[in-house]
Structures are given as C-alpha cells and as structure tokens.
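[1] My questions concern the predicted model and sequence given below.
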Amino acid sequence: MKWTAKTWKNIEPIYQKIIEMPFIKELQNGTLPMEKFQFYMGQDSFYLENFSRSLALIGARAESIDHALDFIRFAEGGIVVEKALHDSYFQEFGLTDRGNIEPTTHHYLNFLKSSAALDQVEVAMAAVLPCFWIYKEVGDYIYANKINENNPYQKWIDTYAGEEFEESVVKAIEICDAVAEKSTEAQQEKMTQAFIAATKLEYMFWESAYQLNTWLV
Ligand SMILES: Cc1ncc(CO)c(N)n1
C-alpha cells in the first residue's frame with residue numbers, strides 16, 4: 001500500500017471528528033456566526049502567508065527539479081489566495097484587518113516553518129500535505145452535502161471544492177508517495193508523525209476559531 005493511503009487510514013478517525021465539528025457543520029448549513037468566520041479568515045491570512053513561505057522553502061530544498069517547480073507553484077498559489085482574502089473576501093465578510101497571530105495559528109505556522117527549514121525535506125513535504133488533502137476532503141464533503149442554496153459562505157466552499165485546487169492536491173499526494181518510496185522505514189515513520197501532527201493542527205485551527213481563542217494575557 002502506498003504511504004499516503006496508509007497514512008490517511010491512520011488519520012481517518014481525526015478526519016471523521018473534523019467533519020462533525022460545529023465549525024464545519026455550521027459552515028455547511030450557513031449558520032456559522034459571522035464573528036467566528038471573520039476570526040477564522042483573519043487567522044487564515046497569517047496561515048496562508050506562512051504556509052506559502054514554507055512551500056517555497058520546501059521547493060528550494062526538493063531534490064527533484066520537478067518537485068521544486070511544483071512546490072514553488074504551490075507557494076505562488078497560496079500567496080494568490082492570501083491576496084484574494086485581503087483584496088476581496090475581507091471586504092465581503094466585513095473584516096478590516098487580520099488582527100494578531102493567535103495561539104493555534106502561532107503553533108501551526110511555526111510547526112510548518114520549522115519543519116520546512118530543519119526536517120528532512122521528505123518529512124517537510126508530509127507536514128504540509130494535510131493542508132492540501134484535509135481541505136480538499138472537507139471542501140468536497142461540504143459541497144456534496146449542501147443543504148442551503150443561499151449559504152453566505154458558498155464562495156469560500158467553492159474554492160476548496162474546485163478543480164484547480166484538486167489538481168494541486170493530487171500532485172502533492174503523488175510527490176509524497178514518490179519520496180516515501182525512496183525513504184527508509186524510519187524516515188517514513190517521521191513523515192507519518194508529521195502528517196498526524198498537521199492533521200491535529202487542522203482540527204485545532206477550526207476549533208480555535210469556533211471558540212475565538214486568543215492569548216490569555
Ligand atoms: C488552516 C488552513 N489549512 C489549509 C488551508 C488550505 O490551503 C487553509 N486555507 N487553511
């Protein structure tokens with residue numbers, strides 16, 4: 001079995017928990033309070049900026065020139081989405097600025113940046129994979145189970161259920177399988193641990209937005 005298929009099986013219980021989260025349920029039926037979505041969007045702006053910086057660094061460190069090109073393109077795509085948040089979504093959803101980097105975002109983006117800088121590049125590739133894959137699965141799930149035709153969050157949902165995003169996700173999965181195949185068992189285990197940690201942070205990212213979690217002092 002391919003590394004990605006094995007690893008997805010491993011995190012399947014976490015994925016099930018994600019699609020049952022109140023943030024996701026309410027996003028799906030359009031009842032999510034705007035304040036929580038705004039918090040999420042502001043944090044996601046920090047996230048996307050730093051996720052993209054990490055992707056660029058992984059691109060620079062990739063051994064294969066084709067993987068380098070793919071990751072540099074992923075980085076470009078991430079920055080384009082961040083700019084779209086700032087240029088149109090912020091206004092559409094009534095947000096004037098993105099606020100401060102709150103604890104879960106702080107943890108997540110520093111996890112990604114340090115993995116991109118210091119881990120073996122294969123492990124860093126595994127660390128960023130849930131950012132692609134979980135969003136694709138959640139986007140498709142919400143899209144397939146939509147209840148409300150007038151969902152105020154539809155534009156957001158369409159981004160992650162779209163074909164363009166799917167292409168990147170398929171590529172990121174293929175790259176991880178290609179590098180896993182050339183890795184030792186011990187390296188693969190590190191890749192798996194990085195993937196699991198990022199999956200848990202995806203869960204926490206939504207939950208923290210739902211709870212409007214900020215620094216205590
Ligand atoms: C937290 C988070 N993870 C993944 C994505 C998709 O790139 C996103 N926009 N935000």
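    The structure has been received and is ready for your questions.
[2] any idea which element the residue lying closest to residue 86 once chain neighbours are set aside lies in?
    Distances taken as CB to CB, 6 or more residues apart in numbering put residue 45 closest to residue 86, at 6.5 Å, once the chain neighbours are dropped. All C-beta atoms are positioned from the backbone trio N, CA, C, and that covers glycine. For residue 45, the element it lies in under DSSP states H and E is helix 34-61.
[3] for that helix, which positions count as buried?
    Across helix 34-61, burial judged by 16 or more other CB atoms under 10 Å covers 36-59, 61.
[4] Show the pLDDT at residue 157.
    Note on residue 157: pLDDT of 86.
[5] Would you mind measuring from it to residue 134?
    The gap separating residue 157 from residue 134 is 15 Å, by CB to CB, to the nearest Å.
[6] Look at the two and report which has more neighbours.
    residue 134 (25 against 19; other CB atoms under 10 Å).
[7] What is the least confident helix or strand in the chain?
    helix 154-161 (a mean of 85; mean pLDDT, DSSP states H and E).
[8] could I get that one in PDB with only the CA atoms?
    Output of helix 154-161 as PDB, limited to C-alpha atoms (Å, rounded to 0.1, in the frame of the first residue of the first chain):
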ATOM      1  CA  GLN A 154     -20.600  29.500  -0.600                       C
ATOM      2  CA  LYS A 155     -17.700  31.400  -2.200                       C
ATOM      3  CA  TRP A 156     -15.300  30.000   0.300                       C
ATOM      4  CA  ILE A 157     -16.600  26.500  -0.100                       C
ATOM      5  CA  ASP A 158     -16.300  26.700  -3.900                       C
ATOM      6  CA  THR A 159     -12.600  27.500  -3.600                       C
ATOM      7  CA  TYR A 160     -11.800  24.200  -1.900                       C
ATOM      8  CA  ALA A 161     -14.200  22.000  -3.800                       C
END
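[9] other SSEs contacting whatever helix or strand comes next after that helix?
    Using DSSP H and E, the next helix or strand after helix 154-161 towards the C-terminus is helix 163-181. On a contact count with 3 or more CB pairs under 8 Å, 6 or more residues apart in numbering; DSSP states H and E, helix 163-181 meets helix 3-19, helix 65-84, helix 121-144, helix 185-211.
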